[in-house]
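In: model the following, please.
(2 chains)
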Protein chains: 2
Amino acid sequence: MRAMRKKALECKDTDKINQFLTDSEIGFLGVADEEYPYVVPLNYIWHKERIYFHGANAGKKAELMRANSKVSFTVCEELGIMTSPVPAHTSTAYMSVMIFGQVKQIADWDEATEVMQKLLDKYVPGYFDRPLARSHVEKYRSKLGSPTAVYCLTPDVLTAKESPLESDRKFEVGMKAGKK
Amino acid sequence: MRAMRKKALECKDTDKINQFLTDSEIGFLGVADEEYPYVVPLNYIWHKERIYFHGANAGKKAELMRANSKVSFTVCEELGIMTSPVPAHTSTAYMSVMIFGQVKQIADWDEATEVMQKLLDKYVPGYFDRPLARSHVEKYRSKLGSPTAVYCLTPDVLTAKESPLESDRKFEVGMKAGKK
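Out: Model (predicted):
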């Protein structure tokens, strides 16, 4: 892995990175394909320093991951557009994390159920009044007939970048260059 | 390109797709790399049925695109989480577009300036009271000394998927399964 070019933007704050990955709702899985890379948006959890997500056991994403388990996962949150009287200095405030690692399907249904429970806890907190049953996860078939597959991405490399919002530069509709 | 698996989610409404790509603020460029695919979040414009974005003329992204111009670009907006009494039917409402195509750097500074103007019009509308000067774009050097590069991605394939929000199923904090 080459070093990050814009070192000034690098974030090394592990707590901040963990919180960011815990709270963000959508990540973009990058999978190699023959012609073009395939990038698919996903809900996920960050748990035990790994990314977990689920999907069908069939289809393009599942096939590509079986063919090549080296994937990436990018999470980005935009915080606002920052103005400048110099047009080229207009920039975006954001935090982003890129993870590069190995993905594998979880074979153990207890572990898969634990992940599905944590996905529910993240995305519909408090909605269900009892724990998810392993049998529900194991027996579920989609409308297209495929079982649920739960995947675990173990990072080989994780990089984070941050361009913090300078609130006095944040663009709001109606703002004009050179006027306060 | 294989056909989409979940045909029911496919969106064929060209006007809707154009509006979605015009309005969305962030896209995820997927570029091939030796070991792991590289996925980078970007601001962009959708113009003349092409994706345009800018970046430095140096660094990982620029080098990877020079090495392999077949890239993808994914845009996704989440509209909410949809509940169901059946845990496995919990789902996300979203619209997403995937573009697969060829990226090239724009060599003509008039065209590059037009793109940079349209980026300003999209992200800081009304902020500048005069048009961007070609000389500003051409002469600008980043803090790291690299000139601006403007890229054009011409789609070979574009697919869109939509899982519309059913408002009576939308999760709100405090909701419980089986209760209205």
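
In: do a quick rundown of the strands in chain A.
Out: Per DSSP state E, chain A carries strands over the ranges A:27-31, A:38-42, A:45-47, A:50-56, A:70-82, A:91-105, A:148-163.

In: packed most tightly, which of these would that be?
Out: strand A:27-31 (a mean of 26; mean count of other Cβ atoms under 10 Å in any protein chain shown). Yep, even glycine has a C-beta here, placed from its N, CA and C like the rest.

In: residue nearest the centroid of chain A?
Out: The residue lying closest to the centre of chain A (Cα atoms, centre = their mean) is residue A:27, at 2.4 Å.

In: if I look at that residue, how far off is chain B?
Out: Applying Cβ to the nearest Cβ, to the nearest Å, the value for residue A:27 to chain B is 9 Å.

In: check contacts around the nearest residue to residue A:10 once chain neighbours are set aside.
Out: Leaving aside its chain neighbours, residue A:10 sits nearest to residue A:4 (5.3 Å; criterion: Cβ to Cβ, 6 or more residues apart in numbering or on different chains). By Cβ atoms under 8 Å, 6 or more residues apart in numbering or on different chains, residue A:4 lies in contact with A:10, A:159, A:161.

In: for the residues you listed, which one is nearest residue A:116?
Out: residue A:159 (28.7 Å; Cβ to Cβ).

In: show me the contacts for the nearest residue to that closest one once chain neighbours are set aside.
Out: Closest residue to residue A:159 apart from its sequence neighbours, by Cβ to Cβ, 6+ apart: residue A:98 at 5.1 Å. Applying Cβ under 8 Å, 6+ apart to residue A:98 gives the contacts A:72, A:73, A:74, A:158, A:159, A:160, B:38, B:39, B:40.

In: tell me which of those is nearest to residue A:105?
Out: The closest of the contacts of residue A:98 to residue A:105 turns out to be residue A:73 (Cβ to Cβ; 15.5 Å).

In: now render the contacts of residue A:98 as CSV, adding distance to residue A:34 and pLDDT.
Out: CSV is the format used below for these (distance: Cβ to Cβ, whole Å; pLDDT from 0 to 100):
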residue, distance to residue A:34, pLDDT
A:72, 17, 98
A:73, 21, 98
A:74, 21, 98
A:158, 27, 97
A:159, 27, 97
A:160, 31, 97
B:38, 17, 98
B:39, 18, 98
B:40, 21, 97
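
In: could you dump those to JSON lines with distance to residue B:115?
Out: Shown next, in JSON lines, are the contacts of residue A:98 (distance: Cβ to Cβ, whole Å):
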{"residue": "A:72", "distance to residue B:115": "27"}
{"residue": "A:73", "distance to residue B:115": "29"}
{"residue": "A:74", "distance to residue B:115": "24"}
{"residue": "A:158", "distance to residue B:115": "33"}
{"residue": "A:159", "distance to residue B:115": "28"}
{"residue": "A:160", "distance to residue B:115": "29"}
{"residue": "B:38", "distance to residue B:115": "22"}
{"residue": "B:39", "distance to residue B:115": "22"}
{"residue": "B:40", "distance to residue B:115": "18"}
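
In: can you get me a residue count around residue A:20?
Out: Other residues within reach of residue A:20 by the criterion other Cβ atoms under 10 Å in any protein chain shown amount to 20.

In: before we move on, what about residue A:89?
Out: 13.

In: do you know how far it is from residue B:112?
Out: Distance, residue A:89 to residue B:112, using Cβ to Cβ, to the nearest Å: 17 Å.

In: is it true that residue A:140 touches residue A:147?
Out: Yes: checked against Cβ atoms under 8 Å, the pair residue A:140 and residue A:147 is within contact range at 6.8 Å.

In: circling back to that earlier point, partners of the residue nearest to the centre of chain A in the sheet?
Out: residue A:42 (DSSP bridges).

In: repeat that for residue A:74.
Out: residue A:28, residue A:98.

In: so it touches residue A:97, yeah?
Out: Yes: if you go by Cβ under 8 Å, residue A:74 and residue A:97 touch, sitting 7.2 Å apart.

In: skip the chain neighbours and tell me the closest residue to residue A:73.
Out: That would be residue A:99: by Cβ to Cβ, 6+ apart, it lies 4.4 Å from residue A:73.
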